[in-house]
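Novice: Here's a sequence, model it:
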Amino acid sequence: MEHTTDKFTLDELCALTETPKRTVRYYIQIGLLDKPIGETKAAYYQTSHLDNLIRIRKFTQSGISLERIREILSGEDLPAPIRPRGAGTIEVWSHLVVADGVELQIEASRAGLSPEQVRKFFRGAMSLFEQIRQEKK
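Specialist: Got it, this is the predicted structure:
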């Protein structure tokens, strides 16, 4: 679909972004997307609407909540992208046996922790477990 202007009907906007009309109206209703210019059937959308709708679509496809998307669009920092998990996904987990029957598992990159932070967490967990065991005696 080729456009010679920066004005789009709702149908054109939906076709360009592969977004249902109902979803576009909902985004407008909750304030995620600006209202169109004009009223009724003469209303039109501009390139800014198109750009924002494309951004919203990318975020939702990444699993980001609409509330978080609202924060991002208002200028807050972008979150780390959510990695899809499924068959064939490779993850490296750190596994700590605290005691018989007590284990901790962490996938550091998903938790947003550096290797040093994981070590510190594990040391703290071991220390806390030992304190709790001492209180029991």
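Novice: for Thr89, phi and psi?
Specialist: When quoted as degrees, to the nearest 10, the phi and psi of Thr89 stand at phi -70, psi 130.
Novice: Can you give me the neighbour number for it?
Specialist: 8 (other CB atoms under 10 Å). C-beta coordinates here come from the backbone N, C-alpha and C atoms, glycine included.
Novice: Equivalent analysis for Val118, please.
Specialist: 17.
Novice: ditto for Arg22
Specialist: Using other CB under 10 Å: Arg22 sits among 9 other residues.
Novice: How is it assigned, secondary-structure-wise?
Specialist: helix (DSSP: H, G, I helix; E, B strand; the rest coil).
Novice: Look up how far Pro115 lies from it.
Specialist: 46 Å (CB to CB, to the nearest Å).
Novice: same question, Ile132
Specialist: 26 Å.
Novice: do Asp11 as well
Specialist: 52 Å.
Novice: How about Glu130?
Specialist: From Glu130 to Pro115 the distance is 23 Å (CB to CB).
Novice: Who are the contact partners of Leu104?
Specialist: Listed by CB atoms under 8 Å, 6 or more residues apart in numbering, the contact set of Leu104 reads His95, Leu96, Val98, Phe122, Ala125.
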